[in-house]
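Trainee: build me a model:
(one chain, ligands or ions: 2)
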Amino acid sequence: MSLKEVQNLVIIENTPLNATNFLIRLVSIKPLPKFVPGQFVNVEINNSSEIFLRRPFSVFEINYSLNSISLIVKILGRGSKKLTEIKAGESVNLIFPLGKGFTFPIPNERILLIGGGSGVGPMLFLAKESGLNPDNVHLILGAKSFEDHINIDDYRQFGNFYFTTEDGSLGERGFVTQHSVFQNKLKTFDKIYACGPDAMMKAIAREAKKSNIFCEVSLENLMACGFGVCLCCIEPTVRGNLCVCTEGPVFNINDLKWQI
Ligand SMILES: Cc1cc2nc3c(=O)[nH]c(=O)nc-3n(C[C@H](O)[C@H](O)[C@H](O)COP(=O)(O)OP(=O)(O)OC[C@H]3O[C@@H](n4cnc5c(N)ncnc54)[C@H](O)[C@@H]3O)c2cc1C
Ligand code: FES
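Mentor: Ligands and ions are numbered 1, 2, ... in the order given. Okay, here's the model as predicted:
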């Protein structure tokens, strides 16, 4: 297990990406440890007497030369809202790196990355770090509508992007599992990775299992400590009840006791 750091990082950017998602970039005064896509940080919410538990966020981008960590924060409740209101120049306390990340693909494998909601950040991080020829990296990103998608132009160089929206305003209409790439080409992939709402990941897991394709999902169970002490993030698995914060958040679907 790598050593965990507890550090105050200075926010250098906190900008809206769309109506509900913000890009938060933080800089450390010390060199950052190596992060694997899928790992997360646990963030203390400043100046808030009513929010005393930290909130977990997956790492979206790391710049080792600038010592910066970027997160994509979707406003869900009070904690995420407060975080998006913090001004550049203020500092925030983070614990990192937490959890176990995705298994890297091996050279020449074809991979399918599927992100929905707040699961888009870690999928983009994995696409960038996969080390694969971009022709072999395919991403399906799903959202309710056009305005819920973020601009991924800087990431197009790392793979082939497909979009779904429930209202048909961008890409194919429907859920990610209804996209034609998922429907018609699933068996051409060696590995599938997914992060997003539970129902989305379960639907993906069902199809991956049927086709016997390696599939990892990143769970977003409610968390408090983030490092295996409070036991509030337990997930039943074939290896017993495991803490998602230390044994996950990334799990192989064959290890989960999902009814799918
Ligand atoms: C490992 C991990 C990585 C994550 N990565 C990201 C990320 O990159 N970007 C991002 O925007 N969010 C991410 N999340 C989710 C994020 O932690 C929650 O959105 C945040 O904690 C909500 O806090 P809040 O105070 O805003 O909402 P709260 O006020 O605590 O909750 C508001 C409502 O949302 C529900 N809720 C809270 N957390 C979750 C959750 N995880 N799943 C489903 N419902 C929830 C609550 O039950 C409540 O109904 C991640 C979660 C985990 C566990
Ligand atoms: S969040 Fe405390 S044990 Fe996982």
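Trainee: for Val92, see how far away the nearest residue to Leu139 once chain neighbours are set aside is.
Mentor: Spatial nearest neighbour of Leu139, excluding adjacent residues (C-beta to C-beta, 6 or more residues apart in numbering): Leu113 at 4.5 Å. In short, each C-beta sits where N, CA and C put it, glycine included. Leu113 sits 28 Å away from Val92, taking C-beta to C-beta, to the nearest Å as the criterion.
Trainee: so which of those two has more stuff around it?
Mentor: Leu113 (29 against 19; other C-beta atoms under 10 Å).
Trainee: from what I see, that one and Asn160 are in contact.
Mentor: No: look at Leu113 against Asn160 with C-beta atoms under 8 Å: they stay out of range, at 10.3 Å.
Trainee: quick one: which helix or strand includes the residue nearest to Leu139?
Mentor: In this structure, Leu113 sits in strand 111-116 according to DSSP states H and E.
Trainee: and that strand, how far out from the chain middle?
Mentor: Centroid separation between strand 111-116 and its chain, computed with C-alpha atoms, centre = their mean, to the nearest Å, is 10 Å.
Trainee: which strands border that strand, and is each parallel or antiparallel?
Mentor: strand 137-143 (parallel), strand 191-195 (parallel) (DSSP bridges).
Trainee: got the ones you listed as TSV, with distance to ligand 1 and mean neighbour count columns?
Mentor: Below are the strands paired with strand 111-116 laid out as TSV (distance: least, C-beta to the nearest ligand atom, whole Å; neighbours: other C-beta atoms under 10 Å):
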stretch	distance to ligand 1	mean neighbour count
strand 137-143	13	25
strand 191-195	8	26
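Trainee: which one of the ones you listed lies nearest to ligand 2?
Mentor: The closest of these to ligand 2 is strand 191-195. By C-beta to the nearest ligand atom, the value is 17.6 Å.
Trainee: who does the helix or strand following that closest one touch, helix- and strand-wise?
Mentor: Once strand 191-195 ends, the next helix or strand along the chain (criterion: DSSP H and E) is helix 198-210. Helices and strands touching helix 198-210, by 3 or more C-beta pairs under 8 Å, 6 or more residues apart in numbering; DSSP states H and E, are strand 111-116, strand 191-195, strand 214-218.
Trainee: quick one: contacts of the second one?
Mentor: Among residues not part of strand 191-195, those counted as contacts by C-beta atoms under 8 Å, 6 or more residues apart in numbering are 38, 58, 102-103, 105, 109-116, 119-120, 122-123, 126, 186, 200-201, 204-205, 208, 213-218, 220.
Trainee: just the last one next, same as before
Mentor: When contacts are defined by C-beta under 8 Å, 6+ apart, strand 214-218 is touched by residues 38, 58, 102-103, 119, 122, 190-195, 201, 204-205, 208-209, 248-253, 256.
Trainee: convert that strand to PDB, retaining C-alpha atoms only.
Mentor: Only the C-alpha atoms of strand 214-218 are listed here, as PDB (Å, rounded to 0.1, in the frame of the first residue of the first chain):
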ATOM      1  CA  PHE A 214     -12.900  -8.600 -19.000                       C
ATOM      2  CA  CYS A 215     -14.800  -5.700 -17.400                       C
ATOM      3  CA  GLU A 216     -13.900  -3.300 -14.500                       C
ATOM      4  CA  VAL A 217     -16.300  -0.800 -12.900                       C
ATOM      5  CA  SER A 218     -15.600   2.000 -10.500                       C
END
